[in-house]
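S.K.: Please find the sequence and the predicted model below.
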Amino acid sequence: MLWSEVYRPRRCEDIIGQDAVIRQMTAFADSGSIPHMLIFGPHGTGKTTAVGCMTERLYGENREANTTVFSTADLLGKGKSVLESDDRFSHIYRKDLSLIANFKRIVKWYASMRPLDAEFKVMVFEDADHLTFEAQQSLRRTMERYSATCRFVFVTVRPSAIIPAIASRCLPLFFAPLDAALVRARLEEILAAEGASVPKDDLDLIVCAAHGDLRRAITYLQIAAGSGEEGFDLAEVARSETGNIAASAFEALRGGNLEAARGIVESLLIDYGLSAQEVVVELREVIRRDYNHPALVIALADTDLRLTHSANDFVQLNALLARIALEVSGEEGTAAL
């Protein structure tokens, strides 16, 4: 099992490096009332974990009944199939409606439900920067209508993607990158608990490479602890963890399999927690190394620029993959489109 899951904090008090923010969230939970929230900060700083701990503290055994979590990257990336296969939504979902229409219907239905032994429910939108403008506009209206019985929590690494009409209604809470000393201390605690060890130089390297992302640091630590006598090459680990996955997406495009490439890129976004810009960086490295072509450099630059102005990362990345497919796979790539 991944150490990042084994050692995920279960209580607010166990979250490190975010003392001021956690004090606020704990106080809200203890008071029995929380505002709408916009929780933002880099990957691996405890945002999603803190929300889970706060709702656990707020609702206790009724947490699941009173908390609805939407993985918006998954939902808006994979489309209606997510709603069809999710038991929470299948009884509300309608095949004759569009994805956004179904999203609006489901959010409104959950927001209007009476909470169980509580004054309000909580709806959490993970990766909220993936919400389209239309989806956010519908949420704004739902927030206004059901504010007495439902609180909305938006979790994101890119707060600028949240429209002002929503952001202005939320309490902003920033999760900063963790201090290197805190990351190192936590890694040493995990090593002690696992009865494992890594060389001091490797530990220093892991802390430095994590850049305040505790989840990434723990992932690197687990790999280093399992390396044994073969040694630990952080550069290779970092590249193999996401770079090799990006390389497999590129190989799928070269083989004319656009759908496979899309699935691989979705995995980088959802499973590995990369931002769209980070995916572009990974693809750029692969292309620079394996297929250095001016047309692809331009495509990457165009996508990078659009991502700074777009709230829908999936649209931009899918467009980029299509452009790459046309360039590298010739007629096969065109057919795959």
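M.R.: On my side now, so go ahead.

S.K.: Report the residue ranges of every domain in this protein.
M.R.: The chain breaks down by automatic domain parsing into domains covering 3-174, 180-232, 240-336.

S.K.: what's the span of the first one, first residue to last?
M.R.: Domain 3-174 has its terminal residues 25 Å apart, counting by Cα to Cα, to the nearest Å.

S.K.: so residue 119, which of the three states?
M.R.: coil (DSSP: H, G, I helix; E, B strand; the rest coil).

S.K.: circling back to that earlier point, could the domains of the chain go into TSV alongside mean pLDDT?
M.R.: Rendered in TSV, the data for the domains of the chain read as follows (pLDDT from 0 to 100):
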stretch	mean pLDDT
domain 3-174	90
domain 180-232	88
domain 240-336	79
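
S.K.: I'd like these laid out as CSV, including mean neighbour count.
M.R.: Where C-beta positions appear, they are placed from N, C-alpha and C, glycine not excepted. Shown next, in CSV, are these (neighbours: other Cβ atoms under 10 Å):
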stretch, mean neighbour count
domain 3-174, 18
domain 180-232, 17
domain 240-336, 18
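
S.K.: Strands of this structure, start to end?
M.R.: All strands of the chain, identified by DSSP state E, fall at 37-40, 67-71, 121-126, 150-156, 171-174.

S.K.: which other helices and strands contact the fourth one?
M.R.: What it means is strand 150-156. If you count contacts as 3 or more Cβ pairs under 8 Å, 6 or more residues apart in numbering; DSSP states H and E, strand 150-156 packs onto strand 37-40, helix 47-59, helix 99-112, strand 121-126, helix 133-145.

S.K.: now those in a markdown table, with distance to residue 9?
M.R.: Output for the helices and strands packed on strand 150-156, formatted as a markdown table (distance: least, Cβ to Cβ, whole Å):
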| stretch | distance to residue 9 |
| --- | --- |
| strand 37-40 | 15 |
| helix 47-59 | 5 |
| helix 99-112 | 26 |
| strand 121-126 | 17 |
| helix 133-145 | 28 |
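
S.K.: among these, which is nearest residue 27?
M.R.: Minimum separation from residue 27 across the helices and strands packed on strand 150-156 (Cβ to Cβ) falls at helix 47-59, 10.1 Å.

S.K.: contacts for the closest one?
M.R.: 8-12, 14-15, 18, 21-22, 25-26, 28-30, 32, 34, 39-41, 63, 65-67, 118, 122, 124, 126, 153, 155, 175 (Cβ atoms under 8 Å, 6 or more residues apart in numbering).

S.K.: and the gap between residue 131 and residue 290?
M.R.: 34 Å (Cβ to Cβ, to the nearest Å).

S.K.: for residue 104, same thing?
M.R.: The gap separating residue 104 from residue 290 is 43 Å, by Cβ to Cβ.

S.K.: How about residue 193, nearest residue that isn't a chain neighbour?
M.R.: Distances taken as Cβ to Cβ, 6 or more residues apart in numbering put residue 7 closest to residue 193, at 7.7 Å, once the chain neighbours are dropped.

S.K.: what phi and what psi does the backbone show at the one you found?
M.R.: phi -110, psi 20 (degrees, to the nearest 10).

S.K.: For it, list the residues it contacts.
M.R.: Per Cβ under 8 Å, 6+ apart, neighbours of residue 7: 186, 190, 193, 218.

S.K.: Could you do residue 4 as well?
M.R.: Counting by Cβ under 8 Å, 6+ apart, residue 4 touches 215, 218-219, 222.

S.K.: contacting residues for the residue nearest to it when sequence neighbours are not counted?
M.R.: Leaving aside its sequence neighbours, residue 4 sits nearest to residue 218 (Cβ to Cβ, 6+ apart; 4.6 Å). Contacts of residue 218 were listed using Cβ under 8 Å, 6+ apart, and they are 3-4, 7, 186-187, 190.

S.K.: Can you tell me how far residue 218 is from residue 193?
M.R.: According to Cβ to Cβ, residue 218 and residue 193 sit 12 Å apart.

S.K.: And for residue 43?
M.R.: When distance is defined by Cβ to Cβ, residue 43 is 24 Å away from residue 193.

S.K.: next one: residue 290
M.R.: Per Cβ to Cβ, residue 290 is found 41 Å from residue 193.

S.K.: just so I know, which of the helices and strands packed on strand 150-156 lies nearest residue 180?
M.R.: Among the helices and strands packed on strand 150-156, helix 47-59 comes nearest to residue 180, with 19.5 Å by Cβ to Cβ.

S.K.: now that closest one: how far from the chain's centre is it?
M.R.: Distance of helix 47-59 from its chain centroid, counting by Cα atoms, centre = their mean, to the nearest Å, is 17 Å.

S.K.: orientation of it relative to strand 67-71 in degrees?
M.R.: Orientation of helix 47-59 against strand 67-71 (axes from the mean of the first three to the mean of the last three Cα atoms, to 10 degrees) gives an angle of 170 degrees.

S.K.: Just the CA atoms from stretch 146-153 would do, formatted as CSV, please.
M.R.: Output of stretch 146-153 as CSV, limited to C-alpha atoms (Å, rounded to 0.1, in the frame of the first residue of the first chain):
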residue,chain,number,x,y,z
TYR,A,146,-29.7,26.9,-1.0
SER,A,147,-27.3,28.8,1.2
ALA,A,148,-29.4,28.1,4.3
THR,A,149,-29.2,24.3,3.9
CYS,A,150,-26.0,23.7,2.0
ARG,A,151,-22.4,24.9,2.1
PHE,A,152,-20.1,24.8,-0.9
VAL,A,153,-16.3,24.1,-0.6
